[in-house]
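Colleague: The following block contains a protein sequence and its predicted model.
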Amino acid sequence: MDIAALQTFTSPVVLFFLLGLLAAVVRSDLAIPEAIAKGMSLYLMAAIGLKGGVAVSKSGLDATIITALAAGIAASFLLPFIAYAVLKTFGKLDRLNAGAVAAHYGSVSVVTYVTAVEIFELSAVPAAGFMVAVLAAMETPAILSGLLLAKGGSKNGDPEERGEMLREVFLNASVVLLLGSFAIGMVAGPSGFAEVSPFFEAGFKGVLCLFLLDMGLIAARRMMDSRAITWRLVVIAIALPLFNGALGVLAGTAIGLDVGSAAAFGVLCASASYIAVPAAMRLALPQADPGIYLTMSLSITFPFNILVNIGLLTALAKALGGMPL
Amino acid sequence: MDIAALQTFTSPVVLFFLLGLLAAVVRSDLAIPEAIAKGMSLYLMAAIGLKGGVAVSKSGLDATIITALAAGIAASFLLPFIAYAVLKTFGKLDRLNAGAVAAHYGSVSVVTYVTAVEIFELSAVPAAGFMVAVLAAMETPAILSGLLLAKGGSKNGDPEERGEMLREVFLNASVVLLLGSFAIGMVAGPSGFAEVSPFFEAGFKGVLCLFLLDMGLIAARRMMDSRAITWRLVVIAIALPLFNGALGVLAGTAIGLDVGSAAAFGVLCASASYIAVPAAMRLALPQADPGIYLTMSLSITFPFNILVNIGLLTALAKALGGMPL
Amino acid sequence: MDIAALQTFTSPVVLFFLLGLLAAVVRSDLAIPEAIAKGMSLYLMAAIGLKGGVAVSKSGLDATIITALAAGIAASFLLPFIAYAVLKTFGKLDRLNAGAVAAHYGSVSVVTYVTAVEIFELSAVPAAGFMVAVLAAMETPAILSGLLLAKGGSKNGDPEERGEMLREVFLNASVVLLLGSFAIGMVAGPSGFAEVSPFFEAGFKGVLCLFLLDMGLIAARRMMDSRAITWRLVVIAIALPLFNGALGVLAGTAIGLDVGSAAAFGVLCASASYIAVPAAMRLALPQADPGIYLTMSLSITFPFNILVNIGLLTALAKALGGMPL
Amino acid sequence: MIETVVRKRIEILADTPLAKRVTRAIDKVEISGWTILPVQSGSGRDGPWRDERVTGSDKSLILTIASEEKASLLSEELVPILSSHGLLLTMWDVEVVRGERF
Amino acid sequence: MIETVVRKRIEILADTPLAKRVTRAIDKVEISGWTILPVQSGSGRDGPWRDERVTGSDKSLILTIASEEKASLLSEELVPILSSHGLLLTMWDVEVVRGERF
Amino acid sequence: MIETVVRKRIEILADTPLAKRVTRAIDKVEISGWTILPVQSGSGRDGPWRDERVTGSDKSLILTIASEEKASLLSEELVPILSSHGLLLTMWDVEVVRGERF
Ligand SMILES: Nc1ncnc2c1ncn2[C@@H]1O[C@H](COP(=O)(O)O)[C@@H](O)[C@H]1O
Ligand SMILES: Nc1ncnc2c1ncn2[C@@H]1O[C@H](COP(=O)(O)O)[C@@H](O)[C@H]1O
Ligand SMILES: Nc1ncnc2c1ncn2[C@@H]1O[C@H](COP(=O)(O)O)[C@@H](O)[C@H]1O
Ligand code: NA
Ligand code: NA
Ligand code: NA
């Protein structure tokens, strides 16, 4: 791994995540109030939305963004099918749980993306501003594929409730906040953003530190409480982000994204949702076991992406882009 | 409307408020934890108190501030009588509800004031620092008028409880925090403030963005849940801030305030309380319907002031002050 | 007292603490949500940990830090014995309560330390970065002495629970967060810290203001609710920080600490825990009365240290160090 | 002695995303109201949970006071989701002051 | 088998600004204590409410354990504000361990 | 009419640092689960408390549903800490839907 990847492990952002993992493992009672954690996650989403929007207001919109959005939506729809196949065969899950887990791997993790963006900047390959819109676009299509896979053709449940569930999924908090603040960034532009940049820009990395501290605590505690995880599922929770991530970097490079954005697209494909999708699964597939899908996405894939995979995908994107590692 | 007023709609502060309204209207589940919202409102009050106090420590106290305070207290006492008359006749409310609503319109909304101050600065007509003290002074007198109007001469309720209620009203959290941090700002002065300005000054607009996002969500949700609002009440909730606001700008100009301060005085008269007064009404007039007074002040008058009326009152103050619009 | 000590009372940090005390005394309903207060205390610990670690990464480790750590651990172990003797004789407490209170005075208060550090900087005698590690090291040994004193030789309670209690005490949230972020600061160094300094450094004093506002409210409210406090206990709660603090400054100077660090060591000895120790006492000495130990440490010693004793100890350290006051 | 009436108190523990479905059922059988309390953590067949607000899936306790008759209407209304969605419903008799509203 | 005594458990839902008035009544009739739980949202005759902490008017649930006798003293003490201030009071018998204190 | 079974509902008010000891006892007597609710403030023999989360010593309400038999096992399991640690335990009969699990 290159210098930049090594730098990862001296970045306070990643170190606080490790501190969280460690504190949970030694069973310290360190905990961040949930209201604070929720507040930080809203702040992070508003901030990256704004910054993405401001970047696009500077660079303007072009065909690439349309291609990237289409690629993102397609990936979110299709990746669950790969995941489902692996989960049913090698993972030995039943249809219900395989479908629920698959939905998580098609969707994305906002904090993984945010952390990756910080690391890309250390590596001097920043991602394009519009990738925030791609992030928002990839959150929900996977939920539909997952439900399709889990329920097969069966159409039980009354249509009114299904309609409402879909509305809730598509207007869930993070999609609305990401797209909303992206739009605000575009309208406000650099001059409007200047007023609020001490809050949304200067404070960003510090908040990310404390948020990742909390995520480390939660991820490790859930892992230690978990009862339903087999070694097969652990393997899948590491193999999927490697495979999906590489696929994403390849696709991103193929559709003409710059190195940073291709790496970002890889990270989006590699990451697994642990907010929007679990909440949707509670409603739509209540018999699926959160002990499986949350533990895989939150306690295995998330740390693996933060600590290892972001670095690998950056290197791959650089290699494909003909940059020195 | 002038350029500055147009700029309003490209300011992230106002755009986040619109996002909140919109998210609630499409029934997204976006929500800011209450502890965070409460924390942000305390922060905003401490910050404007401090800044006002520092400004006064620089400019010194003179007769104007006494006049302004007296005018503010008088306005807070008297405006409910106008409101009451309109609410009982045109609004068709009974005495109890008319009195409760009237109290809200005599008192003030801190966030409306804060937002106005930001917009005044965009328009290059900053308000004087001592207006924060006027804001604090206007919070509570209206509660007394409202109770007087609602209860007529009747003196039911034991005196001990009445005494306690008055103490609670006059020492309510926002009055204490505003005046307290105003005093701290005066004692600490510019040099003391310098230590804390990265927190209280640089972060201010960003926090205001997130707070207005929340207010937008709450205002629109309450409107959609509301059952007790008639078109007559909607008309009043828009006409009162227009009328009171214009009266305030005139009075402010008449007593010799500068353009920004006269506009600020207009905004204070125009704004309606949705924190201190509702809490007092729960205690003192429990039979009055929060579905009426909160919906009018929070869901109609508040957005109207933020989106339209602040701009109008700025323009009026400029015209009266002989400034180009 | 010197200019710097006077400056204390024009510092917003101290003024907000006074505002909190005052607001509680006049029975205002001002209150900061607990989640926010908890979040701020985590922020303050992470920030001082980081800053201490960065300072050490610059200055390097030497023998002084080992001496200081050893002195801190010894002080935390031994100070409860002095306190216990006074509490049992002059204070007329029974063994159980005397032991519980004694533990508090051996341990430390993070916020007292943080406030002292701000005041030292105003007085141009900054404390060394490694004092944060001393702070963390002093938190828990006193708990063991306190239990020993309270329970005498008796070994009731099953060993499994005792073991677990000890683990909880030694891995309590503040120790883990202080040492963890200290280590992160050492690893990240000045360049890593630069990324997050707008959040952890620029915002620090402002957060401390709001946190001390809350502490003022809590300290005064607890005092007013208190039923179990005698004048003898009030005297002890003021005499102990004076005596322990002076002892600490002397010891610090004797072991070769610079003026600021010796003053800081004095403050650590003078301060009394009101977070880690009370929580441990609830588990280990549930029959001891929180109305005694919390009121003494939080409502008397804490304000006395903030408002008076930090200034005195700074002056003492300067005098011993041959500096002009 | 103040007069009281006997009513059923029903408490339902549900995943927060499901709370809306429960309160809609309460409104549908025309019970006069409901109140939601926050829940911090818990443990059941799937092991312990906590801090779930961050993953959007914590639990809430929905409490409602109703006449015996409406209480059974409500439990019947909830039958389809009671076991599929892991709701925990308990119910007992309480005396209510000002009970004429319920 | 551990010994228990039977006491009344009383739960009162009130606007938070009113909670102090309720606990003062509890103290006045010399019940040994009380405990307040936070409440998140609800719905009654005036329609749904939530997020009311921002407008200073959320609700709290005050719970107290008392002997039958003190329980009726308390409800009588609360009569003047029960309907005027929209309090919801429910009460039922519970077994209490260490009940001699109540 | 939907079928219900009668179970004990047990609620224990304890200092939050003690909650783990209580839930361990619940697990030990093999009750199927428990749920913890936050508590805001209170008052007892030691006077009022509030805002105690900052001093790491607030209280929690632990609620568990169990058969009569397991309920008495639990209270016996808790005897050693009930009075020493000031736990408040109340218990009453409730009807539970889907009660076969408890
Ligand atoms: N039947 C009920 N069950 C539970 N809570 C209720 C019920 N009716 C009213 N409430 C609660 O009491 C509050 C006031 O009700 P109301 O007096 O009908 O406006 C509501 O907002 C609910 O939180
Ligand atoms: N009679 C009661 N009803 C409800 N809660 C109580 C009662 N007595 C005590 N408590 C609660 O139990 C805690 C400890 O009480 P005590 O053991 O009397 O200090 C108090 O702070 C209250 O929160
Ligand atoms: N016996 C019980 N008593 C109280 N709460 C329970 C009990 N069993 C389960 N729960 C709660 O219900 C949730 C779901 O339980 P389960 O359906 O068994 O996974 C748990 O996480 C607990 O919060
Ligand atoms: Na993905
Ligand atoms: Na007004
Ligand atoms: Na000490």
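Modeller: Structure received. All of these numbers come straight from a predicted model, not from anything done at the bench. Ligands and ions are numbered 1, 2, ... in the order given.
Colleague: A:P324 touches A:V125, doesn't it?
Modeller: No. At 11.4 Å, A:P324 does not count as touching A:V125 under the criterion of Cβ atoms under 8 Å. C-beta here means a position set from N, CA and C on the backbone, and glycine is covered the same way.
Colleague: Which of these two has more residues huddled nearby?
Modeller: Neighbour count, other Cβ atoms under 10 Å in any protein chain shown: between A:P324 and A:V125, A:V125 has more, with 21 against 6.
Colleague: Can you pull the residues that touch both of A:P324 and A:V125?
Modeller: Common neighbours of A:P324 and A:V125 (criterion: Cβ atoms under 8 Å, 6 or more residues apart in numbering or on different chains): A:K318.
Colleague: what ranges do the helices span in chain D?
Modeller: D:16-28, D:68-82 (DSSP state H).
Colleague: For my notes, please list those helices in a markdown table and give mean neighbour count and distance to A:A284 for each entry.
Modeller: Listed next are those as a markdown table, based on neighbours: other Cβ atoms under 10 Å in any protein chain shown; distance: least, Cβ to Cβ, whole Å:
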| stretch | mean neighbour count | distance to A:A284 |
| --- | --- | --- |
| helix D:16-28 | 19 | 10 |
| helix D:68-82 | 17 | 12 |
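Colleague: ok, D:V6 - how many residues close by?
Modeller: By other Cβ under 10 Å, neighbour count at D:V6 equals 12.
Colleague: Spit out the contact partners of it.
Modeller: Counting by Cβ under 8 Å, 6+ apart, D:V6 touches D:D93, D:V94, D:E95, D:V96, D:G99.
Colleague: Would you confirm that the first one contacts E:D93?
Modeller: No. With contacts defined as Cβ under 8 Å, D:D93 does not count as touching E:D93, sitting 9.3 Å away.
Colleague: Could you list which of the contacts of D:V6 belong to strands?
Modeller: Among those, DSSP state E puts D:D93, D:V94, D:E95, D:V96 in strands.
Colleague: if you skip the residues just before and after it, what's nearest to the first one?
Modeller: In space, and not counting its chain neighbours, D:D93 is closest to D:V6: 5.5 Å by Cβ to Cβ, 6 or more residues apart in numbering or on different chains.
Colleague: any idea which helix or strand of chain D has the worst average confidence?
Modeller: Using mean pLDDT, DSSP states H and E, the weakest-scoring helix or strand in chain D turns out to be strand D:47-50, at a mean of 82.
Colleague: So A:G91, which state does it fall into?
Modeller: Three-state assignment for A:G91 (DSSP: H, G, I helix; E, B strand; the rest coil): coil.
Colleague: brain fart, A:A127
Modeller: coil.
Colleague: Buried residues in stretch A:127-147, which are they?
Modeller: A:127-147 (16 or more other Cβ atoms under 10 Å in any protein chain shown).
Colleague: So which residues on the stretch 1-150 of chain A come close to chain C?
Modeller: Residues of the stretch 1-150 of chain A lying close to chain C (Cβ under 8 Å from any Cβ of the partner chain) are A:10-13, A:15-16, A:19, A:22-23, A:26-36.
Colleague: near chain B too, which of the residues you listed?
Modeller: Contacts with chain B are made by A:P33, A:E34, A:A35, A:I36 out of the residues of the stretch 1-150 of chain A next to chain C, judged by Cβ under 8 Å from any Cβ.
Colleague: Between which two of the residues you listed is the distance greatest?
Modeller: Longest distance between any two of these is 7.2 Å, between A:E34 and A:I36; criterion Cβ to Cβ.
Colleague: out of everything not next to it in sequence, what's closest to A:P126?
Modeller: A:G260 is the one closest to A:P126 (Cβ to Cβ, 6+ apart), at 4.8 Å.
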